[in-house]
Structure formats: C-alpha cells, structure tokens
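Engineer: The amino acid sequence is not available; the structure is as follows:
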C-alpha cells in the first residue's frame, strides 16, 4: 500500500497549494469573520488545526490563509496524518486524572486530559450499550485510530458503524498547536477588541518583532446516530483555545516581553438533540440535565446557551431547526486586558454582529469556567445515554425508517451547508476528511415535495395534494407523529 | 390548508428580512464574486431569480443583496410561488416552434421557447422509457407544477420519483425578469470589463440617472438518477441572460439613451455524466455525441468545455470528480464594447482568476452561439437516454445498490458544498427549496473509512485494513469494479 499512499500525499499536497484552493481557503476564512455569530470568533493561522479537530470541534477555529506562509503550510500538509495507529480503545494510561483539579497545572494539559478521559468513558459506555443485548453475536467495537501531526499535535478518531444500537457514531479528540501568523492576528484583533495594541510589542508590519504568536487548541467532538428511529441523534463538542507569547523574537533573540500567561484563551462548546419522533419527556430530560449542570455553575448560563443553540442549529432554507436544541456557546473567557472588576460572559446570539454581554451575578475566574465546561461535558452522558437505552428496542416499521432517513437528510443539509466546523474542515488542505465527515449518517433520504415538512407545504398551494397522498400512504398515527416533531422543529420551544 | 400557508409565507418573509439572513445573502454573493471560476460571472439583483431557476440553472446567476432595496425584496419574496398549478404535462400549446429560427424575433422569447419545448420533449421521452416495460402497473408520471412570480416570471418543475427506471428525476424550466439595482451593476462591472463606463449614462451614486437596469433570465435544469446501479446519473442545464436599458429614468422621464439592443447578454450551460460503475463505452458514447454536437458549431468548443467541466465538477475535499465529465461553459457571448474584429470565446477554467481567452477560428454571432446552445441541448437526449435504456434491466445485487448509495452521497456532497446554483438558491430569501433540492438523490449513504474511495485510503496508513475488510465483504469483481470507477474519478480522462 505504501507507494499509492505516497502518491496520494503528493497529490493532496499539490491540491493544497493550487491557487484555486488557496483562494477558497481565504474565502472560508472571510465567511468565518463575517457570518453572524462568528463575529467574536478567534482566528488561527494553521488551517490544519481546524480539520484535525473533526467536524464539530472545528467550530471554534476558523482560519486565516496567510499568503506569505503558504509554502510552510504546504510543507505542513504533507506531514499530516502520516502516522496512524489502530488500537481497540483510546489509550488513557499515560493520563493523570488528578491534574483536572490541580490549579497549578497548565490549563492546556488539564483540558487535554479531560477530553481524552471523557472520550474513553464515552467509548466504554456506548460499547456497553451496544453490546448489552447481544447473545450470540460477536461484540461490536469502535474503530479507533490515532494520528499525529509532525508539526505539533495528535488526535484519536473513534467510530462505530452498522451496530445494532448505534447505526453510526463518532467520538473525536485532538490536540493541535502551531504558529499564528501576523495577518491572522490582525484578523483576530477585530474580534478581540484592541488585542494587538495591548500585546506590548509589534506583531505585524515590516517592523514586526515576532513571526506570529503560538497557539494551542484541544477539543472533543461527538455525533451519535442510533439505529432505532425512536432513538434521537445527538451531538456535542467542547474545546479550549490559547494564544501565547513567543519565547523568541523574529531575529532569534529572547522576547523581552515573554511571560507564561497566555495572550488570550477561551472555551467553547455545546450539546444538542435531534429526535426523529417527538417524545416530550426525552426533550425535557435532555434539557433538564444540561440545565442542572449549567445552573450548578452559573444560573445565567443555560438561559443564554439554550437561545444560542436554537439560533446556531437553524436551517434557514428549511425554516426549521436541526433538532430540539440544547446548549451552545463560544468565547467563554474573562476580559483579559480590561481593568473593570465586573466579570462578564460575552454572548453572541447570532442575531446581531455586536456583542451582547450577558451580565452574570457570579464572579468567574478561569477555574470556574473550566469547571463549567467539565460540568457540561460530564452532563452529556446522563442527558443522552438514557434516551438511547430507553428506545433501543422500541418497535418500528418501514414508515418510521423512511422518516428517520428523511430527517437524516436534513442533518446532512445542516452539516454540509451551515456547520462552520465541517465547512472549514472540507476547505482545509490536508484535512482528515474521514474524521470530519464521520458526523454524516449512514443513510439519508430526500423526497421531492414530501408531504409533512415545511418547505413542501410552503412552496405550493398544491400542498393539499401531498396531504392527500400522505393520508393514502401512512397511518393517521404516523402522520400525527411526523407533524408533531415538525412543528417543534419549526417553532423551537422552551422545554423547562 | 390556506391559513397555515399564509402563516408560513409571513414567516418566510420575516426570515428573509432578518439581519442574519441579509448578511448571509451578502456573503454568498461575495463568494460568487471571488471564487475561482465565478470571476467572469454576471450578477443580478433579484435574488429570487436564482432560486426559481432551480439548482443547476441557477449556476448562471449569483446575486447582490442591495441593502437599500431590502424592503422591496421582502415584498417580492411574499409574492413568490403564490400561484402554483398542477398539470399532467408541461403546457407547450401556446409556443411557436417557428420562432427558433426566426432571427427577427427577440432572443429571450426564442430561448424561452427552446427550453420549454426541450422540457416537454424530455418529459415525454423519460416517461416513455419509464413506462415501456410496465405490463400490469399504472403508468408512472412526472409531478408537474407551474408557478408564477408576481413581480415577473414563471417556471415549471417536473419531478418523477420512485419509478421502476428512474429513482428520482427533475426537469425544471424558468423565465424570470426584474430590475438589477445599481450596486449590483457595479459588482457586475468587475466582471464585464468597463461595463459601467460604457453604458453611456450614470447608473450608480447619488446622481445616478436610473434606478438600475432590467434583466431577463431563462433556462432549463435537469438531473436524472436512474434506479439501476449500472445506469448513470446525468445532469444538464442551459440558460440565457440579458441586461437591458431601462425605458425610463429615475425621475420617470424617458431615457434618452434607451435602445432595444441589450447592454449585455450571454449563454451558459453544460451536461455531465455520473456513473456508479464504469462502462467505458458509455462514457465514450456520451462524450462522442456531445463532441459531435459541439464540433458541428465550432471545433474549439469541445476542447475548452470538456476541460472546464472536469474543473467545475471537482470535489476538492475528496480529490475526485463528481463523474466522468462532459461539457461546461459560461459567459458565452460576443465582445459588446470591444472594437476588435476578432471574435473570441471567453473561457474560465477555474485555475486562474484571469480570463483565458480561447481564440476560435470561427466568426461567431449571436445566431451562431444560439445554434450552438441548441445543438448541445438537443444532444443531451441521444447522449444520455440510450444509456438509461441499455442498463435499465441490468441485473444487480445488494452490494451494487450499496455502492450506488455511497456514490450518491458524493453527489450530495458536491451539490450542497460546491454547486454554486444550489448554494445561491439555499441562501436566497423566498426560494422554492423543493425545486432547488430536486437534484438530490432519493437515498444516499456515508460509510466511515469505506475501503475503496480515495479519502479513506489517503487518511490512514491503516488503509490496508480496510482493503482486507473489503476483501472479506465483497467479491473480487465488485472490488475491481469499484476501483475502476474510482480511478477514473480521481484521474479525469480524455474519452475521445
């Protein structure tokens, strides 16, 4: 296999350096910088970071194509995913769980440890759920692949496919680092008010003192599509980003302004549920567990994050949500340069390019925000897995399966048309495409003028014909059940 | 059904006017103006035009969101698709086929007549193919829906679904017109060198003499997904665009510069084939018929259009083509303002933002270009339908069907991630989404690390494991057949 692989890498590298691709890359970064809720989103220079985090995690990281460094980028690209190791479980033997609560340890390592332990926990629990009911079959396992990035970073992709409980599920973790070029920092400074001026030395222009700033990013990204149409799909993702001072100046001399405190850092993430059929108790349970976890950290969190989630997972062209929501947030940080004593949580809700500041009554620090992220990450398991368990043996018929596949078509539409992480990943030279697209369902379906969903009804006064056809094709219960979930998707609801 | 429909329209209208949506709209127009082969592409102001042409036809038309006219646009939106009529066949009784060759008649009417007659011919022929083998069944028919746009324009969407020969097929025609606002004309002038300066009067700025320029667009857009996995999918689309002088100035007085000759006009289009399994004779036949048709008009056409097609239908993230190519072109016009005597065909091949001019030895005029477009449109039927006929009764097994669905997953990826027409349509307020997405297959499939295709092999040195799994799952013939088409998709070939 080696020769074709080498050939392919060379080809991928060529593609990555073509003017077309470079221009596409720039374009996607422009989208990132302009689209509604991306306004306060940070930018990193190493496009690879995006892709290696997998689809949803990459939401944090948009990229700046730096024309001057395109050669370097191409060199990087050829180094990505060259070392891949297959194992049966994500290896956590080298991790120290004690550092999670050890404030003296760097946040990078603590978050990395957290997401890796969470990944392993999820793999174990989902495999247990998958294999619980099997008598005579071989147990089903995740495909676990670990890759390293020569320039800095690694990741593990765990995917389970064609199971009896899980039709397709992916759990990705990555840790990537590199250098953020000056042009990307300027781009970022539009988001982080006055960042460049406050750094303390010149980072851009002909007299720039540094070649850029180092960055670090780590995150977990999960999508689970159960097999039973009564069992909801779910997605979650939590991530941490840091921008640092370089130890050396451009000329190789020590950076007199160097100190260990990052220039900027933030957390992002969220969890959402996509049922095919509406079970209001499921929706309430999912939101209740997430809300309890959020409330335990700050009563202001859930209110903001639930709203943000409804805005983000919206399919504008369908006039409907991807699911029944959950939580979503980005840029969870503290004012770095601000002398104000009031702690606040910056909030972008997608309706306004300006920042909406959600004033919290709680005084946060980095520890409390990390605790909040961990609380949310931990909450996913009790929020979601009971729903998979509850419905995994529900009876279903061919109509239910057809509806599940239609809903999965919508999931594909969201992920390929709207999801920022997926889009950045696909446009990124050298991305691990299979990890990015693990979020897509095994099977999806598209019917023209399907009778239940919004766009068909909206686009034709002949909609009653489809209603009549529906009545011929499906039972009254099936039609009612489809309409119930459709209504909730079109009108996002407060579940608690 | 009426009250919910009215409610929906109001909701669609609200969505269309939200700042988020407006900003998305602007973004998409920016993409259009910058992305590689879009560089010479014209812009129109009425976003509705895009969507109403359906997915592929909309490739011609990108849009400019004009902030000043957003209210007007919203008023338009609420008027779209309000009048929909269902019939058994597209009505061509009012069309006069004689005008196709009548040079004295306006090109708008001639192209409209051409695409409508072609639509009807295709509907008849595909229905005949679908129903030829049926003994005891009810014949299968297209769902035919005609809509009108109050502000100007109409269209007919014909879709066949779940047939015995055609799994899903759509044949859309539209004729739309409206006003191109000044800001959109300026945007367009970047593409049509010096256009604004040469119009002869001020079209933008505070002292603009007109409110914009009238536009006209008509086209046909077709996607056919046959049921048999041996039978290839095909797509084609031909379109005509005109930009005109307004009869009146801003203040209502007659435009002294008015004359009937359009400010600018162009044809665009193409046809391509997407087989699931490679039958080299099919590919040769398809290309041969298209090449013969193109050669009959200008020997320079096929060479340029084949290359352009391979570039356009390229899935960068997969490193493979959507299919085995065909022809693709845009901006087929004459130099309007240029005093040079040499006729040339502007060619953009996607690798360069600058225009590549393909010098033809033939002296073209508008008549000869219209003849070329008709020759290509007519050629689709003999190029494609024999392939559907040839394979419609081929034996196939579950593995073939699975592979067909995997290939259809790629088709979905192209249409949702890359296809300009689809993307513009989806981002367009008031678009007829069902017509745009009729191009998506009935069923598609995504497997993680599927063993045959390029990205899986590229993203892992563990690829041999997938090879081994493939050998366990599939026959040697199936593996060879999958690899044969995959190889051709990764390395576009000259078929004749």
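Structural biologist: Arrived safely, thanks for sending. A quick note: this is a predicted structure, and the numbers were derived from the prediction, not measured.

Engineer: so how far is residue B:145 from the residue nearest to residue A:470 when sequence neighbours are not counted?
Structural biologist: Counting by C-beta to C-beta, 6 or more residues apart in numbering or on different chains, residue A:470 lies nearest to residue A:451, which is 3.7 Å off, once chain neighbours are set aside. Bear in mind the C-beta positions are built from the backbone N, C-alpha and C, glycine included. Here residue A:451 is placed at a distance of 14 Å from residue B:145 (C-beta to C-beta, to the nearest Å).

Engineer: what residue ranges in chain A score low on pLDDT?
Structural biologist: In the predicted model of chain A, residues A:1-85, A:135-137, A:150-151, A:183-195, A:335-359, A:428-430, A:453-467 satisfy pLDDT under 70.

Engineer: distance between stretch A:308-324 and the chain's centre?
Structural biologist: Here the centre of stretch A:308-324 is set off from its chain's centre by 15 Å, with C-alpha atoms, centre = their mean, to the nearest Å.

Engineer: helix, strand or coil for residue A:277?
Structural biologist: Classification of residue A:277 by DSSP: H, G, I helix; E, B strand; the rest coil places it in coil.

Engineer: next one: residue A:368
Structural biologist: helix.

Engineer: Show me the helices in the stretch 251-400 of chain A, by range?
Structural biologist: Assigned by DSSP state H, counting those that start in this stretch, the helices in the stretch 251-400 of chain A fall at A:280-295, A:299-312, A:366-391, A:398-413.

Engineer: In which helix or strand does the residue of the stretch 151-300 of chain A found nearest chain B reside?
Structural biologist: Checking the stretch 151-300 of chain A residue by residue against chain B with C-beta to the nearest C-beta singles out residue A:159 as nearest, at 4.4 Å. Using DSSP states H and E, residue A:159 sits within strand A:153-161.

Engineer: what's the answer for residue A:450, then?
Structural biologist: Assigned by DSSP H and E, residue A:450 falls outside every helix and strand.

Engineer: right, and it touches residue A:405 too?
Structural biologist: No - counting by C-beta atoms under 8 Å, residue A:450 stays clear of residue A:405, with 11.0 Å between them.

Engineer: Show me where the stretch 101-250 of chain A has its strands.
Structural biologist: Assigned strands in the stretch 101-250 of chain A, in chain order: A:143-149, A:153-161, A:166-180, A:213-226, A:233-243 (criterion: DSSP state E, counting those that start in this stretch).

Engineer: Neighbours of residue A:432, how many?
Structural biologist: By the criterion of other C-beta atoms under 10 Å in any protein chain shown, residue A:432 has 29 neighbours.

Engineer: hang on, it packs against residue A:156?
Structural biologist: No - look at residue A:432 against residue A:156 with C-beta under 8 Å: they stay out of range, at 11.4 Å.

Engineer: so how far is chain B from residue A:408?
Structural biologist: Separation of residue A:408 from chain B (C-beta to the nearest C-beta, to the nearest Å) stands at 9 Å.

Engineer: can you tell me which residues contact that residue?
Structural biologist: By C-beta atoms under 8 Å, 6 or more residues apart in numbering or on different chains, the contact list for residue A:408 reads A:225, A:233, A:441, A:443-445.

Engineer: near chain B, which residues of the stretch 101-250 of chain A?
Structural biologist: Counting by C-beta under 8 Å from any C-beta of the partner chain, the stretch 101-250 of chain A comes close to chain B at A:143, A:145, A:147, A:159, A:161, A:168, A:170.

Engineer: For stretch A:104-117, buried residues please.
Structural biologist: Neighbour counts over stretch A:104-117 (16 or more other C-beta atoms under 10 Å in any protein chain shown) mark A:107-117 as buried.

Engineer: sorry, that was for stretch A:371-384
Structural biologist: Within stretch A:371-384, the residues scored as buried using 16+ other C-beta under 10 Å are A:371-377, A:379-381, A:383-384.

Engineer: Need the contact partners of it.
Structural biologist: Residues outside stretch A:371-384 that contact it (C-beta under 8 Å, 6+ apart): A:100, A:111, A:114-115, A:118, A:121-122, A:125, A:220, A:222, A:224, A:232, A:234, A:236, A:238, A:240, A:267, A:269, A:271, A:273, A:285-286, A:289-290, A:292-294, A:296-298, A:301, A:327, A:332.

Engineer: which bits of the stretch 301-450 of chain A sit near chain B?
Structural biologist: Where the stretch 301-450 of chain A comes near chain B, counting by C-beta under 8 Å from any C-beta, the residues are A:316-319, A:350-353, A:405, A:409, A:412-413, A:416-417, A:423, A:425-427, A:431-438, A:440-449.

Engineer: Just the buried ones among the residues you listed, please.
Structural biologist: Judged by 16+ other C-beta under 10 Å, buried ones among these: A:316-319, A:350, A:353, A:405, A:409, A:412-413, A:416-417, A:423, A:425-427, A:431-438, A:440-449.

Engineer: quick one: residue A:153 and residue A:177 touch, right?
Structural biologist: Yes - counting by C-beta under 8 Å, residue A:153 does reach residue A:177; the two are 5.8 Å apart.

Engineer: Comparing the two, which residue is more hemmed in?
Structural biologist: A direct count of neighbours by other C-beta under 10 Å for residue A:153 and residue A:177 places residue A:153 higher, at 22 against 19.

Engineer: what's the nearest residue to residue A:438 if we skip its chain neighbours?
Structural biologist: Per C-beta to C-beta, 6+ apart, closest to residue A:438 is residue A:170, 3.4 Å.

Engineer: What are the neighbouring residues in contact with the one you found?
Structural biologist: Shown in contact with residue A:170 (C-beta under 8 Å, 6+ apart): A:54, A:157-160, A:221-223, A:435, A:438-439, B:448.
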